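J.: Any chance you can model this:
(one chain, ligands or ions: 1)
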Amino acid sequence: MTLCYLHTHEKYVNDQNYANKKHPDCAIGARQRKDLVGPKGIPLLGNLISLIKRKTVVQYEHELANKYGSNFSFTVLGQGRLIVSNDPRTVEHLLKTNFDDYPKGEIFYEIANDLLGDGIFSVNGKSKVVINILKKYADIGKPINLKDLFYRFTMDTFGDISFGVDFGCLTNPDEMSQFVTYFDFTQNGIFERFEEPFWKFTEKYSEKERQMIDRESVKSLLTLLIEAVDENGKKFNDKELRDVALNLILAGRDTTALSLSWMMYSIMTNQSVEDSLLQEINTILSVEMPIPSYDDLKLFQYTTATFYETLRLYPIVPINGRVCVKDNVLPNNIPVFAGECVKFNLYSMGRDEKIWGDDAKKFNPKRFLESEDGLRPNQFKFPVFHAGPRTCLGQQFATIEVVTLAVLLLKEFKFELVPGQKSPPEFTDALTLSMKDPLMTKVSYRAKN
Ligand code: HEM
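T.: Residues are numbered from 1 along each chain as shown. Predicted coordinates for the structure are as follows:
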């Protein structure tokens with residue numbers, strides 16, 4: 001997943017053209033822009049301090065959107081000027097119409113079709129393991145952390161369909177595989193670099209970051225993958241190791257696991273949605289068809305709409321954007337100069353009444369079924385899977401995974417939030433909209449067999 005921070009960082013550090021010494025209220029390296037609204041910064045640092053003080057970047061920008069409207073700008077030391085434009089026309093401009101002015105790196109892999117082929121069998125197989133785990137919790141009446149369970153589910157499904165290996169996350173629930181632990185550690189470390197302009201300096205002196213670059217850790221991470229073999233005994237080559245492992249897992253595991261968590265949270269807090277889901281599931285599934293096949297999945301329209309509605313209010317990739325390489329003008333007439341980063345905040349867009357109408361903040365899956373576009377919403381208004389030529393390659397696979405598991409779980413179990421938890425859950429600062437705390441859930445049988 002390419003975010004613009006890294007590019008902006010390099011661009012601005014290297015580009016002395018913009019390194020104007022007189023920057024009264026913006027970060028060094030950023031062009032002065034009196035034509036844009038936004039919070040006043042301080043010399044050299046720009047808005048870095050207020051950004052650090054906020055809970056998350058998503059919330060910082062959402063607060064600014066509430067104050068300044070859909071288009072505003074701020075500057076941050078190390079990132080230069082960030083122009084936020086939560087406007088579907090800007091999204092189309094960036095990701096499609098003026099795609100060449102906002103380039104994105106090479107496609108790192110093309111796996112979607114392979115995944116769809118056998119993916120459904122793997123999803124069904126792993127869903128059964130999840131159901132067995134839930135049965136144990138339902139039998140003893142002990143709450144389970146659904147967030148953790150969904151991470152294990154998507155990780156194992158991924159290991160299975162992509163590498164042909166079993167990471168054992170579901171079968172050894174008390175012990176997260178070493179590979180997964182190292183992957184998470186490295187992923188978190190990388191995100192912190194986006195936020196810390198002096199990371200090269202601070203990493204030298206911090207114990208945590210020392211571990212990040214510790215050769216033994218990296219070696220262990222790689223060793224585990226190097227040792228993994230597919231069913232024919234074939235090992236990964238170096239390029240596969242780098243591209244497939246990190247990018248694929250980053251793109252596919254967290255996104256789907258988090259979608260499941262936010263979706264289950266939304267269902268647990270909206271009784272009428274749960275009722276409609278059950279009605280659909282009980283009408284379609286039967287003794288003859290206890291598990292949906294690939295073709296049956298399109299019948300689950302309300303369930304699919306519930307997945308989309310979850311992504312609208314809880315976009316798993318909540319902020320996106322691109323660095324501009326050629327001066328141009330946005331459709332709303334805002335000029336953008338090479339080196340500036342144009343972003344859109346999907347969390348704000350999903351809650352925007354101008355885009356979704358008066359009930360924008362309400363969780364209402366029917367809005368998709370009742371709209372003209374149906375289950376093919378306009379990508380620029382709803383860029384949760386990105387849009388244009390670089391749309392998410394895993395959209396269809398993620399939909400299969402989420403809808404299948406949700407249908408099978410909801411048919412068998414009733415889920416209730418354990419009281420005393422924050423609702424809605426808080427999220428952390430990460431590339432993805434990660435829940436900060438466990439999602440503790442009481443699970444019970446709908447009808448004991
Ligand atoms: C609900 C689940 C998912 C969501 C919300 C999601 C969202 C996204 C987004 C927003 C991007 C664009 C990122 C960027 O360029 O900044 C993306 C790209 C991508 N996603 Fe997904 N994704 C999901 C699941 C998956 C799955 C399961 C896979 C793999 C099977 C996958 C594979 C990819 C790939 C390969 C790309 C890069 C496409 C390219 O650059 O051409 N995604 N996804």
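J.: what about Leu297, which SS state?
T.: At Leu297 the chain is in helix, as set by DSSP: H, G, I helix; E, B strand; the rest coil.
J.: dump the residue contacts of Asp87.
T.: Shown in contact with Asp87 (C-beta atoms under 8 Å, 6 or more residues apart in numbering): 70-71, 330-332, 344. Glycine gets a C-beta too; all of them are placed from N, C-alpha and C.
J.: Quick one: buried ones out of those?
T.: By neighbour count, with 16 or more other C-beta atoms under 10 Å, these hold 70-71, 330, 344 as buried.
J.: Let me see the confidence value for the residue lying closest to Asn270 once chain neighbours are set aside.
T.: Leaving aside its chain neighbours, Asn270 sits nearest to Phe363 (5.3 Å; criterion: C-beta to C-beta, 6 or more residues apart in numbering). We have a pLDDT of 98 for Phe363.
J.: what about the stretch 301-449 of the chain, any weak spots by pLDDT?
T.: Along the stretch 301-449 of the chain, segments meeting pLDDT under 70 span 448-449.
J.: which bits of it sit near the ligand?
T.: 311, 316-317, 320, 384-386, 390, 392-394, 397-398 (C-beta under 6 Å from any ligand atom).
J.: Recalculate using a threshold of 8 Å.
T.: 307, 311, 315-317, 320, 383-386, 389-395, 397-399, 401-402 (C-beta under 8 Å from any ligand atom).
J.: Can you flag the buried ones in those?
T.: Buried among these by 16+ other C-beta under 10 Å: 307, 311, 315-317, 320, 383-386, 392-394, 397-399, 401-402.
J.: Over to the residue in the chain positioned nearest to the ligand: give its phi and psi.
T.: Nearest residue of the chain to the ligand (C-beta to the nearest ligand atom) works out as Gly394 at 2.0 Å. Phi and psi for Gly394, reported as degrees, to the nearest 10, are phi -100, psi 10.
J.: unless I'm mixing things up, it is touching Ser259, no?
T.: No - taking contacts as C-beta atoms under 8 Å, Gly394 lies outside contact range of Ser259: 11.2 Å.
J.: Contacts only, for Leu36.
T.: 71-73, 83, 334.
J.: Please repeat the previous calculation with a cut-off of 6 Å.
T.: Ser73 (C-beta atoms under 6 Å, 6 or more residues apart in numbering).
J.: Please list the members of the buried ones among the residues of the stretch 301-449 of the chain next to the ligand that lie in helices.
T.: 307, 311, 397-399, 401-402 (DSSP state H).
J.: Out of these, which two sit at the greatest distance?
T.: Leu311 and Phe397 (14.7 Å; C-beta to C-beta).
J.: Now go through the buried ones among the contacts of Asp87 and say which are in strands.
T.: 71, 344 (DSSP state E).
J.: Would you mind putting the buried ones among the contacts of Asp87 into CSV with distance to Leu170 alongside?
T.: As requested, these are arranged in CSV below (distance: C-beta to C-beta, whole Å):
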residue, distance to Leu170
Ser70, 43
Asn71, 45
Leu330, 46
Phe344, 36
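J.: Check what contacts stretch 368-380 and list those residues.
T.: 88, 91-92, 304-305, 308, 387.
J.: Would you check the distance separating that stretch from the middle of the chain?
T.: Distance, stretch centre to chain centre, for stretch 368-380: 21 Å (C-alpha atoms, centre = their mean, to the nearest Å).
J.: cool, and stretch 27-39?
T.: 29 Å.
J.: how close does Ile131 sit to Ile267?
T.: 17 Å (C-beta to C-beta, to the nearest Å).
J.: In terms of neighbours, single out the busier of those two.
T.: The neighbour comparison of Ile131 against Ile267 (other C-beta atoms under 10 Å) goes to Ile267, with 22 against 16.
J.: The more buried one should be in a helix, yeah?
T.: Yes - assessed with three-state DSSP, Ile267 lies in a helix.
J.: From Leu330, how far off is it?
T.: 38 Å.
J.: Equivalent analysis for Asn71, please.
T.: Asn71 is 8 Å from Leu330, by C-beta to C-beta.
J.: just Glu288 next, same as before
T.: Glu288 sits 54 Å away from Leu330, going by C-beta to C-beta.
J.: Can you give the domain ranges for the protein?
T.: The chain breaks down by automatic domain parsing into domains covering 1-85+319-349, 112-315+350-445.
J.: Regarding Leu441, what is its secondary structure?
T.: Check again: residue 441 is Thr, not Leu. Strictly by three-state DSSP, Thr441 counts as strand.
J.: Now do the same contact list for it.
T.: Applying C-beta under 6 Å, 6+ apart, the residues contacting Thr441 are 144, 146, 415.
J.: What separates the first and last residues of stretch 333-347, distance-wise?
T.: 23 Å (C-alpha to C-alpha, to the nearest Å).
J.: Am I right that Arg322 falls within a helix?
T.: No - Arg322 is assigned strand when assessed by three-state DSSP, not a helix.
J.: And stretch 259-277, how far out from the chain middle?
T.: With C-alpha atoms, centre = their mean, you get 19 Å for stretch 259-277.
J.: ok, and for it, which residues are buried?
T.: For stretch 259-277, by 16+ other C-beta under 10 Å, it's 259-268, 270, 273-274, 276-277.
J.: What of stretch 30-40?
T.: In stretch 30-40, counting by 16+ other C-beta under 10 Å, buried: 30-31, 33, 36, 38-39.
J.: Reformat those residues as a markdown table; add distance to Lys136.
T.: A markdown table is the format used below for the buried residues of stretch 30-40 (distance: C-beta to C-beta, whole Å):
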| residue | distance to Lys136 |
| --- | --- |
| Ala30 | 55 |
| Arg31 | 59 |
| Arg33 | 58 |
| Leu36 | 56 |
| Gly38 | 52 |
| Pro39 | 51 |
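J.: right, and out of the buried ones among the contacts of Asp87, which lies closest to Ser122?
T.: Phe344 (33.5 Å).
J.: any idea how far the closest one is from Ile83?
T.: 10 Å.
J.: you'd agree Ser85 is up against Phe72?
T.: No - using C-beta atoms under 6 Å, Ser85 is not in contact with Phe72, being 8.4 Å away.
J.: can you pull out the strands in the stretch 251-400 of the chain?
T.: Along the stretch 251-400 of the chain, the stretches classed as strands by DSSP state E, counting those that start in this stretch are 319-323, 328-329, 335-336, 341-345.
J.: what would those strands look like in CSV with distance to Gly357?
T.: CSV is the format used below for these (distance: least, C-beta to C-beta, whole Å):
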stretch, distance to Gly357
strand 319-323, 23
strand 328-329, 29
strand 335-336, 29
strand 341-345, 19
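J.: Asp437 is nearest to which of these?
T.: Using C-beta to C-beta, the nearest of these to Asp437 is strand 319-323, at 21.4 Å.
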